[in-house]
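Trainee: sharing a model prediction with you, sequence too.
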Amino acid sequence: MKFKDLDEQTKEYLYTTLNNYANSLGGKNFFLQLIEDMKKEKENPLLNKSSAFHYSKGRVSWNKKIYKDTLVLLYETMRLEEKDSNFFESLKPKTKKNTINMMKTLKPVTIEIKPKDDEQTEGFSLCIIDSTDEENIKISLLFKSIFFYNINFAKDALSYKKSV
């Protein structure tokens, strides 16, 4: 997904939220370092058995172990969701059931990101599944932008200027 393809309201939301996240880690460079360090890993950091990932400026931890098959299904669901927001209706019954189970499994997972120097900055937490709208549960755009999208997506979001 490209940042420029998003609507203005979503761009504004990402700009505000990601800048708040960056400030809670000590600045934009600390935030971008987190994303770069995760991208350097051979295996997705979310698969760590200890439910933690240490990066050069801090620590990422989550409250529930995530298995490879769940992460693969999450990634596939994310791709389908980007192509068609109503993809859920076109899924085969077994795939639909697996997707629902994956969403239920990941819904309570909270990811905490804390900097090493937590005296001046507090870090932040986010959820994998965005369930703010009970009718339309989906994968959190914030989660995708940090863990899956290219670093340029985050850079564009952090430097977004509202067009007049």
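Mentor: Noted; the coordinates are in hand.
Trainee: check contacts around the residue positioned nearest the centre of the chain.
Mentor: Centroid check for the chain by C-alpha atoms, centre = their mean gives Phe143 as the closest residue, at 1.0 Å. Shown in contact with Phe143 (C-beta atoms under 8 Å, 6 or more residues apart in numbering): Ile111, Leu126, Cys127, Ile128, Asp130. Using the backbone N, CA and C atoms, a C-beta is placed for each residue, glycine as well.
Trainee: check which helix or strand covers Glu12.
Mentor: helix 8-25 (DSSP states H and E).
Trainee: and that helix, what other elements does it pack with?
Mentor: Counting contacts by 3 or more C-beta pairs under 8 Å, 6 or more residues apart in numbering; DSSP states H and E, helix 8-25 packs against helix 28-40, strand 110-115, strand 124-127, helix 141-147, helix 151-158.
Trainee: what's the closest of the contacts of Phe143 to Leu158?
Mentor: Set against Leu158, the nearest of the contacts of Phe143 by C-beta to C-beta is Leu126 (15.8 Å).
Trainee: what about stretch 130-141, average pLDDT?
Mentor: Model confidence over stretch 130-141 averages 78 on the pLDDT scale.
Trainee: what's in contact with it?
Mentor: Contacts with stretch 130-141, where a contact means C-beta under 8 Å, 6+ apart, come from 10, 14, 74, 77-78, 81, 103, 107, 126-129, 143.
Trainee: could those be laid out in CSV, adding distance to Lys155?
Mentor: Output for the contacts of stretch 130-141, formatted as CSV (distance: C-beta to C-beta, whole Å):
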residue, distance to Lys155
Thr10, 16
Leu14, 12
Leu74, 24
Thr77, 25
Met78, 20
Glu81, 23
Met103, 29
Lys107, 29
Leu126, 19
Cys127, 23
Ile128, 22
Ile129, 25
Phe143, 17
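Trainee: by pLDDT, give me the weakest of those.
Mentor: Glu81 (86).
Trainee: that one: which element?
Mentor: helix 68-83.
Trainee: how far does that helix sit from its chain's centre?
Mentor: For helix 68-83, the gap between its own C-alpha mean and the chain's C-alpha mean amounts to 12 Å (C-alpha atoms, centre = their mean, to the nearest Å).
Trainee: next one: stretch 47-61
Mentor: Computed by C-alpha atoms, centre = their mean, the separation of stretch 47-61 from the middle of its chain amounts to 15 Å.
Trainee: can you give me the end-to-end span of it?
Mentor: Between the start and the finish of stretch 47-61 there is a gap of 11 Å, counting by C-alpha to C-alpha, to the nearest Å.
Trainee: ok, residues contacting it?
Mentor: With C-beta under 8 Å, 6+ apart as the test, stretch 47-61 has contacts from 25-26, 30, 33-34, 37-38, 41, 45-46, 62-68, 71, 111-116, 123.
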